[in-house]
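Coordinates for the following, if possible.
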Amino acid sequence: MRYQSPVAHIALCALPLLAPALPLPAQAGMPPRSIMVVDWERQKNNVLAYIDAMPDSAMTFAPTPGVRTFAQQIEHFVGTNTQIAAFVLRGLKQPPTLGDRDTYYRDKAALRDFTTKSYDYLLESLRAATPAQLAKSYTLFNQPAAPAWRWLDLSKEHAVWTFGQLIPYLRLNKVTPPPYDMPF
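Numbering: from 1, shown residues only. All right, here's what the predicted structure looks like:
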């Protein structure tokens with residue numbers, strides 16, 4: 001048996017603890033969780049600012065027939081965020097019910113409450129997710145499989161796209177859209 005000094009033995013044993021973990025293939029390109037959390041918190045604050053700016057009477061406003069109302073637009077992307085968190089981060093078959101649709105479609109305070117609960121649900125789910133959960137692939141909405149972190153990224157992109165469509169809703173109600181809080 002070869003002699004090994006106690007210092008060398010301790011160093012060799014500690015090496016795996018000091019070396020950075022190799023990313024799983026599905027983690028390649030994944031932003032750090034801290035960045036994801038900051039981005040989702042910023043989006044939450046931007047959406048709440050738009051809800052706060054819109055007059056109470058305009059929750060049911062639609063700029064043209066056949067399009068979603070202001071409240072329905074908010075619910076459309078906020079609800080998708082809740083679904084993604086429930087399906088890929090919590091492994092649920094159905095998202096939780098975070099408000100009464102009939103109420104938040106017409107009541108600003110209820111829409112704000114629904115939105116807050118939805119973003120808080122997503123943020124809690126994201127903060128609690130393990131790297132393995134974020135790397136696990138899922139097939140949703142008849143789309144190709146993607147890791148959970150990518151579904152979160154796509155949901156955020158969908159939310160920003162839909163959120164941007166709210167500018168005419170505010171302007172047609174004589175409201176100047178609040179400034180968009182940018183990360184830079």
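
Low-confidence stretches in the chain?
1-28, 184 (pLDDT under 70).

what about the helices in this protein?
Along the chain, counting by DSSP state H, helices occupy 6-18, 33-53, 70-84, 101-104, 108-128, 131-135, 148-164, 167-171.

Let me have those helices in TSV, adding distance to K93 and mean neighbour count as columns.
For glycine as for every other residue, the C-beta is placed from the backbone atoms N, C-alpha and C. Listed next are those as TSV, based on distance: least, C-beta to C-beta, whole Å; neighbours: other C-beta atoms under 10 Å:
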stretch	distance to K93	mean neighbour count
helix 6-18	38	9
helix 33-53	23	16
helix 70-84	11	22
helix 101-104	20	15
helix 108-128	15	19
helix 131-135	16	17
helix 148-164	16	18
helix 167-171	33	16
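
between those helices, which one is nearest to M59?
helix 70-84 (4.4 Å; C-beta to C-beta).

Reformat the helices of the chain into TSV and put distance to Y180 next to each item.
TSV is the format used below for the helices of the chain (distance: least, C-beta to C-beta, whole Å):
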stretch	distance to Y180
helix 6-18	42
helix 33-53	6
helix 70-84	15
helix 101-104	23
helix 108-128	16
helix 131-135	27
helix 148-164	9
helix 167-171	10
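
Of all the ones you listed, which one is nearest P179?
Checking the helices of the chain against P179 by C-beta to C-beta gives helix 33-53 as the closest, at 8.3 Å.

got the CA positions of the closest one in PDB?
Output of helix 33-53 as PDB, limited to C-alpha atoms (Å, rounded to 0.1, in the frame of the first residue of the first chain):
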ATOM      1  CA  ARG A  33     -31.900  31.000 -11.300                       C
ATOM      2  CA  SER A  34     -31.100  34.400  -9.700                       C
ATOM      3  CA  ILE A  35     -31.500  36.000 -13.200                       C
ATOM      4  CA  MET A  36     -34.700  34.100 -13.900                       C
ATOM      5  CA  VAL A  37     -36.100  35.300 -10.500                       C
ATOM      6  CA  VAL A  38     -35.200  38.900 -11.100                       C
ATOM      7  CA  ASP A  39     -36.700  38.800 -14.600                       C
ATOM      8  CA  TRP A  40     -40.000  37.400 -13.300                       C
ATOM      9  CA  GLU A  41     -40.200  39.800 -10.400                       C
ATOM     10  CA  ARG A  42     -39.600  42.700 -12.900                       C
ATOM     11  CA  GLN A  43     -42.300  41.400 -15.200                       C
ATOM     12  CA  LYS A  44     -44.700  41.100 -12.200                       C
ATOM     13  CA  ASN A  45     -44.100  44.700 -11.300                       C
ATOM     14  CA  ASN A  46     -44.600  45.900 -14.900                       C
ATOM     15  CA  VAL A  47     -47.900  44.100 -15.200                       C
ATOM     16  CA  LEU A  48     -49.200  45.400 -11.900                       C
ATOM     17  CA  ALA A  49     -48.300  48.900 -12.900                       C
ATOM     18  CA  TYR A  50     -50.400  48.600 -16.000                       C
ATOM     19  CA  ILE A  51     -53.300  47.200 -14.000                       C
ATOM     20  CA  ASP A  52     -53.000  50.000 -11.600                       C
ATOM     21  CA  ALA A  53     -52.900  52.600 -14.400                       C
END
